[in-house]
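Visitor: Could you look at this predicted model? Sequence included:
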Amino acid sequence: MTDLFHSAPSVREEPLPGGAHTSLILRKGQILRLTDIEGGANVSMMMLNPHEKSERLNLPDTLKGQHTARLTTGYCFYSDMGRVMAGIVADSCGWHDPFGGVLNAAETQEKYGAGRYQELRNGFYRNGVDNLLVEMGKWDLGLEDLLMVVNFFSKVTVDDQGRFGFSTGNSQAGDFVELYAPMDVLMVLTALPHPQDPATDYLPRPVQLSWYQADDMQVVSDAIANRGENQRALQNTQLFAL
Amino acid sequence: MTLINSDRRPEDAVYRHVIPAGEPWLFEVKKGQTLRLLDLEGNQAIDTLFYNSDNPRERYDPQRTLRRQGNVYLTTGSVLYSNLGNPLLTIVADTCGRHDTLGGACSQESNTVRYAQDKRYMHSCRDNFLCACLHDGRLHKRDIGANINFFMNVPVTPEGGLTFEDGLSAPGKYVDLVAECNVMVLISNCPQLNNPCNGWNPTPAEVLVWN
Ligand SMILES: [Zn+2]
């Protein structure tokens, strides 16, 4: 049973259709819940400091600092400045992927075929690079800011030879993950199939976004301060806010 | 893993430079040239970033590179892709066998997280990267993405753990890469003193280029 660090109801709800992109600032002390509405969703996300946008999610520091390549409850997302941008405080799914990245237009066409707006209108085949860049442009961010993304709801394993394996069915309808922000964080996200999902039909799935106010910020921070590295990174975040 | 030797001879190189322990080095390799990174004394992590010198916003992309080769380790045959989806370089020889691109580069800030607050003022790779970038002028903090750690061994377990093993490298191990476009090479020859990846003893590394 997962402890929840907020009380219902949510302060805001918003569906993100499959294929779409959006961005938001999760304010310090808030929790964002991502819910996989139909099952099989994938959400690719970048995180940045909205006040100094050269500070951003650093997945290598995140993985190395916590000795993990699997993100779930209790793991934090570190910035390149040694701070916790967000921590996973609830997760019914158990595994989120840091490897797969996003496809660009050419890779999307190679996998799914042509899917132009001219024929398909708003059902056209979108791709992660373009979706993220469009959303990033709204915040005056550029190509140099597009770094590694985390892919929520997706599970990619590595065998003893280093080969990747994609686990179909990692996320079921109703599965969710909750991100707590100990500092303001700009999240840029898109809901597109995971690049390593072997399915070749273009079927992006929708997710629900729900915002909550954390009941007690100290209690939530303590819950993710489960190892020395996270304690020190949270301390860096707190010092930064003084 | 399969080790592949190169028949390139050091005396035929058109460019050679020894990067002292803990220092940065930024240089350029032209399309078609072969670049060698040489671990002179063994178990030295050579933290490296690659950019298209004709458009420095185009740079090495670890997620695309790993995804397209279907494997988490880099070795002979690995094509290093850019954030625009183009090949930047291809590894054509490797006497070490495995190189890491998940672990990133050490920094003052990450040292406070990984080790202790009082490690902040030790020398680090990202300080090296920044210093070289700002001197050069074509690159800035935002251009510093995830790098390759040549000669580092960071295995991923089937359960999703990330472990750090003793290096596979040894004195004289090398990796050869052919440039697929004009490439800027930005190296921090890692000064890390807090973990055993280099036996707490950073050592020099050599770069060589052949036409
Ligand atoms: Zn380093």
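Guide: Sure thing, it's come through.
Visitor: pLDDT weak spots in the chain?
Guide: Picked chain A for this. Per-residue confidence for chain A (pLDDT under 70) gives these ranges: A:1-2.
Visitor: Oops, wrong one, chain B.
Guide: B:167.
Visitor: Spell out the secondary structure type for the most centrally placed residue in chain A.
Guide: If you average the C-alpha coordinates of chain A and look for the closest C-alpha using C-alpha atoms, centre = their mean, you land on A:Met45, 3.8 Å from that point. In three-state terms, and counting by DSSP: H, G, I helix; E, B strand; the rest coil, A:Met45 is strand.
Visitor: The closest residue to it other than its chain neighbours: what secondary structure?
Guide: The shortest distance from A:Met45 to any residue other than its chain neighbours is 4.4 Å, reached at A:Leu189 (C-beta to C-beta, 6 or more residues apart in numbering or on different chains). For the C-beta atoms, the positions are set from N, CA and C on the backbone; glycine is no exception. For A:Leu189, the secondary-structure state derived from three-state DSSP is strand.
Visitor: My guess is A:Leu189 contacts A:Leu16. True?
Guide: Yes. Using C-beta atoms under 8 Å as the test, A:Leu189 is close enough to A:Leu16 to be in contact (7.3 Å).
Visitor: Do you have the strands of chain B handy? List them.
Guide: In chain order, chain B shows strands spanning B:15-19, B:24-29, B:34-39, B:46-52, B:55-59, B:79-81, B:87-94, B:148-150, B:173-179, B:183-189, B:205-210, with DSSP state E as the criterion.
Visitor: who wins for proximity to chain A among the ones you listed?
Guide: Closest to chain A of those is strand B:55-59 (C-beta to the nearest C-beta; 4.8 Å).
Visitor: what about the helix ranked longest in chain A, near chain B?
Guide: Longest helix of chain A, by residue count under DSSP state H: helix A:228-240. Yes. With C-beta under 8 Å from any C-beta of the partner chain as the measure, helix A:228-240 is seen reaching chain B through A:Glu229, A:Arg232, A:Ala233, A:Gln235, A:Asn236.
Visitor: Now stretch A:15-23: buried residues?
Guide: Under the neighbour-count criterion of 16 or more other C-beta atoms under 10 Å in any protein chain shown, stretch A:15-23 has A:Leu16, A:Gly18, A:Gly19, A:Ala20, A:His21, A:Thr22, A:Ser23 buried.
Visitor: okay if I get those as CSV plus distance to chain B and secondary structure?
Guide: Conversion of the buried residues of stretch A:15-23 to CSV gives the following (distance: C-beta to the nearest C-beta, whole Å; DSSP: H, G, I helix; E, B strand; the rest coil):
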residue, distance to chain B, secondary structure
A:Leu16, 22, strand
A:Gly18, 21, coil
A:Gly19, 20, coil
A:Ala20, 21, coil
A:His21, 17, strand
A:Thr22, 21, strand
A:Ser23, 17, strand
